[in-house]
Each structure stands twice: as C-alpha cells, then as structure tokens.
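> predicted coordinates and the sequence they were generated for:
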Amino acid sequence: MDALSPRRAAILAFLRERTRAGHPPSLAEIAAEFGFASRNAAQKHVQALAEAGLIELRGGGLARGIRLPDAPRDPPLVLPVLGRVAAGLPIGADIGIERELWLDRSLFSLRPDYLLQVQGDSMIDDGILDGDLVGVHRSSEARHGQIVVARLDGEITIKRLERGPAQLRLLPRNPAYAPIVVPADADFAIEGLYCGLLRQG
C-alpha cells in the first residue's frame with residue numbers, strides 16, 4: 001500500500017477514533033471536520049481508504065456504515081509527549097516529557113518516536129490544526145516535499161521542506177504565512193519526519 005497523504009492519514013485517524021467510540025461519522029460530519037466544500041470530497045477519501053483495506057463499508061458505502069477491519073492487534077505504542085512545535089512562526093522549544101500516551105500503531109504511516117503538540121495554524125491545508133498532537137519519527141534526513149520538524153536557530157517548527165537549487169525553504173500550508181528561507185549560515189537541523197497526528201477532543 002502506498003503511504004497515505006497527511007490529509008488522508010488525518011481522516012483515517014478521525015474515522016477510527018469516532019468508530020471505536022461507537023459513533024461512525026457521516027459524510028457531512030467528515031466534510032465539516034476537514035473543511036471540505038461538499039460531501040463528495042469526503043466520499044472520495046472514504047472510498048479510497050476502503051479500497052486500501054483500511055476501513056470497511058456497509059450499507060452501500062455510506063459513511064455511517066464504516067467498520068474497522070478485524071485484525072490481530074499489535075502491542076500499543078507508548079509515546080512521550082515532549083512539548084510544543086510551531087505551525088506558524090518558529091517558537092522556542094518547550095521540551096520535557098509532559099506525559100505518555102498508549103496508542104494504536106495503525107494510527108501512523110511511519111512509526112513515531114515521540115509526539116509534539118502543534119501551536120498555530122500554518123499547516124491547516126495539510127490537515128494539521130492548532131492543538132493536534134503530531135507523531136515524529138527521528139531522522140536527520142528528509143526528501144523534498146516531506147513534512148518535517150526542523151530546528152532553526154534554536155527554535156522548532158513543523159513545515160514542508162523545499163530543497164531548491166540554491167537554498168532550503170520551510171513552506172507553510174496556509175496562504176496567510178510566508179515561507180521561511182533557511183540562511184546558509186543558520187543553525188539548522190531536521191529533527192524528524194511527520195508521520196501522523198492525534199486530534200484531542
């Protein structure tokens with residue numbers, strides 16, 4: 001199976017959370033949650049997740065008929081929540097283990113090493129909202145276009161990485177924010193790769 005896009009991974013996490021709580025969402029609720037203009041957009045994502053075998057549909061494919069596939073359960077992930085990461089302008093890292101969460105491994109496209117809480121709205125077009133907990137897989141390397149947690153002059157932020165011919169840029173996913181150009185002499189490091197999120201109710 002191909003890796004899920006951040007938006008589709010967020011939708012899958014939302015469907016699993018609501019379905020396991022006994023309240024599978026309607027297409028209208030999915031559209032409202034993710035800011036889609038119509039239920040057709042929500043249906044497209046739901047159908048794609050069903051075709052990938054990540055959910056099952058009953059009752060003619062209606063969203064209320066969502067069921068999670070029966071599969072052996074892997075041991076849960078125990079992940080520390082380490083602090084905050086900015087989805088906006090970089091903010092100072094507030095690193096320190098705040099708590100630990102026990103989570104289903106299937107929530108993430110790549111195994112995370114820790115969670116960070118998002119502050120800001122610069123990544124909303126990728127479905128990453130203020131207050132979300134994002135999973136981060138430790139890595140000092142990233143490809144062009146990947147969502148990364150990066151450290152720039154001692155501060156951390158979450159953005160899409162753009163590798164240009166002459167410079168690196170950190171791209172927001174909200175037109176209200178400008179890209180962050182990484183100066184050649186900056187203290188810059190990639191801390192990890194985004195691999196999914198949890199939305200706290």
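It's in.

> give the burial count for Arg105, as a bare number.
12 (other Cβ atoms under 10 Å). C-beta here means a position set from N, CA and C on the backbone, and glycine is covered the same way.

> what of Arg84?
For Arg84, using other Cβ under 10 Å, the count is 18.

> and whichever strand or helix holds it, C-alpha only, in CSV?
Using DSSP states H and E, Arg84 sits within strand 77-86. The C-alpha coordinates for strand 77-86 follow below in CSV (Å, rounded to 0.1, in the frame of the first residue of the first chain):
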residue,chain,number,x,y,z
LEU,A,77,2.9,2.2,21.1
VAL,A,78,3.9,4.1,24.3
LEU,A,79,4.9,7.5,23.2
PRO,A,80,6.1,10.5,25.2
VAL,A,81,4.6,13.9,24.6
LEU,A,82,7.7,16.1,24.6
GLY,A,83,6.3,19.6,24.2
ARG,A,84,5.3,22.0,21.5
VAL,A,85,6.1,22.6,17.9
ALA,A,86,5.1,25.7,16.0
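
> does anything pack onto that strand? Which helices or strands?
Using 3 or more Cβ pairs under 8 Å, 6 or more residues apart in numbering; DSSP states H and E, the elements in contact with strand 77-86 are strand 99-103, strand 114-119, strand 133-138, strand 155-163.

> contacts for the longest one, please.
Residues outside strand 155-163 that contact it (Cβ atoms under 8 Å, 6 or more residues apart in numbering): 85-93, 116, 118, 122-123, 126, 128, 134, 142-150, 168-173, 179-180, 190-191, 194.

> buried only: go through those residues for me.
85-88, 90, 93, 116, 118, 122-123, 126, 128, 134, 142, 147-150, 168, 170-173, 180, 190-191, 194 (16 or more other Cβ atoms under 10 Å).

> what residues are up against the nearest residue to Leu110 once chain neighbours are set aside?
The spatial neighbour of Leu110 that comes closest, neighbours along the chain excluded (Cβ to Cβ, 6 or more residues apart in numbering), is Cys195 at 3.7 Å. For Cys195, the contact set (Cβ under 8 Å, 6+ apart) comprises Phe108, Ser109, Leu110, Arg111, Pro112, Gly135, Val136, His137.

> repeat the analysis, applying 7 Å as the threshold.
When contacts are counted by Cβ atoms under 7 Å, 6 or more residues apart in numbering, Cys195 touches Phe108, Ser109, Leu110, Pro112, Gly135, Val136, His137.

> what helix or strand does it sit in?
Take DSSP H and E as the rule and Cys195 turns out to sit in strand 188-198.

> model confidence over that strand, on average?
Per-region confidence: strand 188-198 scores 92 on mean pLDDT.

> same thing with stretch 33-50?
89.

> buried residues in it, which are they?
If you call a residue buried by 16+ other Cβ under 10 Å, then stretch 33-50 has these buried ones: Glu33, Phe34, Phe36, Arg39, Ala42, Gln43, His45, Val46, Ala48, Leu49, Ala50.
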